[in-house]
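Enquirer: Generate coordinates for the sequence data below:
(one chain, ligands or ions: 1)
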Amino acid sequence: MHIAVCVKAVPSTTEVKMDPETHTIVRDGRASVINPFDATALEVALAIKDARSAAGERTRVSVMSMGIPDTERLLRDCIARGADDALLLSDRAFAGADTLATTYALSCGISQLDEAVDLIVCGKMAVDGDTAQIGPELAGAFEMPCITDVQEQPEVCGRTLRARRACDGGRETVEVDLPAVITVAKDAAQLRMPSIPGVLAAETAPVAVKTAADVGADTARTGLAGSPTQVVRSFVPERSQEAVAIEGSPAEQAAALAALIEEGCR
Ligand code: FAD
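Expert: Coordinates of the predicted model:
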């Protein structure tokens, strides 16, 4: 079984810097961490690998990311924690991608892996872009079934994956045939610590760094050029600590509150 885990490098701080011209995040490698949801996604994949390996079934976990060259540091950390190998898609042509262009780049990378993928594990969402679209879009690109918002460690039995996911009324159990895509909630698991043999292995482990040309991506479909969604304005909202006491009857208070909200939205 071959599992691909999608890992995004996100700013480690809430003080996110935006490029005033492209309205994309200024990615500073030194201040990047693994998206917390992707740390969970990695643990979910490693736990599947553990269970299958105990049953004598070979399972490989590949981590992959589209990001700046420094992202290699984070991918090596994933290997130290138990992933087998890593692929980094890094090229100026990938910069400024919206979710469609990101999905296209990742799907080119996944298609170029040397072994077909049985399961793609993504975080439910990235804490910077926050769209939660990449997992379902990857499922669409590969025409695979998708289980979103997985809340607990899923089970793999033969070619069937069973998972508990959040739904409007609470939780439901869903079964799909592999190959499939799942996206996981942050509390579904806790990423294990790196082991000493893992840290040593990570130093020399294969991390393939590939450009758009290497994975056969059409650069008209990648990065800013390939993104139909453009972020036209972004800003850090101003927060006021000011408290306002509203007097009067419930109807008067409601009207005054509505006026205050309306004024704040202008
Ligand atoms: P999500 O879909 O939230 O991520 C889900 C999972 O996909 C992650 O947990 C991870 O497993 C995987 N994943 C995501 N990105 C990568 C990656 N680079 N490498 C590996 N795995 C990855 N784009 C739009 O299309 N529409 C918008 O409205 C939009 N608004 C934005 C607003 C702001 C303020 C910013 C900064 C960006 C916005 N973007 C938008 C761009 C969006 O952040 C990027 O397209 C990004 O590359 C992927 O989307 P996401 O971060 O929302 O990922």
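Enquirer: residues contacting S53?
Expert: By C-beta atoms under 8 Å, 6 or more residues apart in numbering, S53 lies in contact with T59. C-beta: built from backbone N, CA, C; applies to glycine.
Enquirer: On the C-terminal side of the helix or strand where it lies, identify the next helix or strand.
Expert: Using DSSP states H and E, S53 sits in helix 36-54. The element immediately downstream of helix 36-54 (helix or strand, assigned by DSSP H and E) is strand 60-66.
Enquirer: Could you please name the strands that next one pairs with and the direction of each pair?
Expert: Looking at strand 60-66 with DSSP bridges, its partner strands are strand 2-6 (parallel), strand 85-89 (parallel).
Enquirer: Could you check how far it is from the centre of its chain?
Expert: Taking C-alpha atoms, centre = their mean, to the nearest Å, one finds the center of strand 60-66 at 12 Å from the center of the full chain.
Enquirer: Next, the angle helix 36-54 makes with that strand.
Expert: Angle, strand 60-66 to helix 36-54, by axes from the mean of the first three to the mean of the last three C-alpha atoms, to 10 degrees: 160 degrees.
Enquirer: Contacts (any at all) between the ligand and strand 60-66?
Expert: Yes: judged by C-beta under 6 Å from any ligand atom, strand 60-66 comes into contact with the ligand at 65-66.
Enquirer: Please enumerate residues in contact with the helix or strand just after that strand?
Expert: For strand 60-66, the following helix or strand on the C-terminal side (DSSP H and E) is helix 71-80. Where contact means C-beta under 8 Å, 6+ apart, the residues beyond helix 71-80 that reach it are 5, 7, 9, 29, 32-34, 42, 63, 65, 83, 85-86, 88, 90, 194-195, 198-199, 201-203, 205, 207, 209.
Enquirer: hmm, 7 Å instead?
Expert: Outside of helix 71-80, the residues within contact range by C-beta atoms under 7 Å, 6 or more residues apart in numbering are 7, 9, 32, 34, 42, 63, 65, 86, 88, 90, 194, 198-199, 201-202, 205, 207, 209.
Enquirer: Get me the contact residues on this protein for the ligand.
Expert: Checking the chain against the ligand by C-beta under 6 Å from any ligand atom, the hits are 6-8, 25, 35, 37-38, 41, 65-67, 97-99, 102, 106, 122-123, 125-126, 128-135, 229, 231, 234.
Enquirer: Show me how to select, in PyMOL, the buried members of these.
Expert: With 16 or more other C-beta atoms under 10 Å as the criterion, this PyMOL line picks the buried residues out of the residues of the chain next to the ligand:
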select buried, resi 6+7+8+25+35+37+38+41+65+66+67+97+98+99+102+106+122+123+125+126+129+132+133+134+135
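Enquirer: In helices, which of the residues of the chain next to the ligand appear?
Expert: 37-38, 41, 99, 102, 106, 134-135 (DSSP state H).
Enquirer: still on that earlier bit, mean confidence (pLDDT) on the helix holding S53, please.
Expert: Averaging pLDDT along helix 36-54 gives 97.
Enquirer: Please renumber the chain so that the first residue is 48 from this point on.
Expert: In the new count, where the first residue is 48, that last one comes out as helix 83-101.
Enquirer: Output the strands paired with strand 107-113 in JSON lines, with mean pLDDT appended to each entry.
Expert: Output for those, formatted as JSON lines (pLDDT from 0 to 100):
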{"stretch": "strand 49-53", "mean pLDDT": "98"}
{"stretch": "strand 132-136", "mean pLDDT": "97"}
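Enquirer: With distance to L122 added, can I get these in JSON lines?
Expert: Below are those laid out as JSON lines (distance: least, C-beta to C-beta, whole Å):
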{"stretch": "strand 49-53", "distance to L122": "10"}
{"stretch": "strand 132-136", "distance to L122": "4"}
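Enquirer: circling back to that earlier point, can you tell me which of the contacts of helix 118-127 are buried?
Expert: For the contacts of helix 118-127, buried by 16+ other C-beta under 10 Å: 54, 56, 79, 81, 89, 110, 112, 133, 135, 137, 241, 245, 248-249, 252, 254.
Enquirer: who's in contact with the closest residue to V254 other than its chain neighbours?
Expert: Distances taken as C-beta to C-beta, 6 or more residues apart in numbering place A133 nearest to V254, at 4.4 Å, with adjacent residues excluded. A133 sits next to 109-111, 122, 125-126, 254 when contact means C-beta under 7 Å, 6+ apart.
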